[in-house]
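Enquirer: Kindly generate the corresponding structure for this input.
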Amino acid sequence: MLKFVCLVATTLLLSGCALKQYPTSPPVSQVQATTLDCSGVGAEIANQNRVQAQINKTGEFDGLTVLGVIGDFGIGNGVAKGLAQKHADERMMQLKALAKTKCVSA
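Expert: Numbering: from 1, shown residues only. Okay, here's the model as predicted:
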């Protein structure tokens, strides 16, 4: 019985479930790259700044953080935040590169 309890406890600790839901940042699609003009790119950059702020706000210490630490030492929440931030950074880099080509000063 003790082995079973230890096995279940170990499985739960290593499962790494994320309790927090972070916003997603899909890559810039070919359609967006083609159809967005300079003002559209600027709006997308502003929107992406809001997404990154939301990721930071969601990642702040709260009750779900405590539950995550109890459940899996916070690994799941950390992985989810890391992936959300990575995708947000990649999208922002794509948008800034698009802005360089679309918003050329005459």
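
Enquirer: Where is the longest helix in this structure?
Expert: Once the chain is assigned using DSSP state H, the helix that runs over the most residues is helix 75-102.

Enquirer: Give the buried residues for that one.
Expert: Residues of helix 75-102 classed as buried: 75-78, 80-81, 84-85, 87-88, 91-92, 94-95, 98-99, 102 (neighbour count, 16 or more other CB atoms under 10 Å). C-beta coordinates here come from the backbone N, C-alpha and C atoms, glycine included.

Enquirer: and if you look at stretch 26-40?
Expert: Buried residues in stretch 26-40, counted by 16+ other CB under 10 Å: Val28, Gln32, Ala33, Leu36.

Enquirer: so what secondary structure elements neighbour the helix or strand where Val31 lies?
Expert: Element membership for Val31 (DSSP states H and E) is helix 30-35. Helix 30-35 sits against no helix or strand, with contacts defined as 3 or more CB pairs under 8 Å, 6 or more residues apart in numbering; DSSP states H and E.

Enquirer: redo that, cut-off 10 Å
Expert: Judged by 3 or more CB pairs under 10 Å, 6 or more residues apart in numbering; DSSP states H and E, helix 30-35 is in contact with helix 38-58, helix 75-102.

Enquirer: List the residues that contact the spatially most central residue of the chain.
Expert: Against the mean C-alpha coordinate of the chain, by CA atoms, centre = their mean, the closest residue is Ala84 at 1.4 Å. Counting by CB atoms under 10 Å, 6 or more residues apart in numbering, Ala84 touches 18, 20-25, 51-52, 54-55, 58-59.

Enquirer: which one of those residues has the most neighbours?
Expert: Counting neighbours by other CB atoms under 10 Å, Ser25 comes out on top of the contacts of Ala84 with 23 neighbours.
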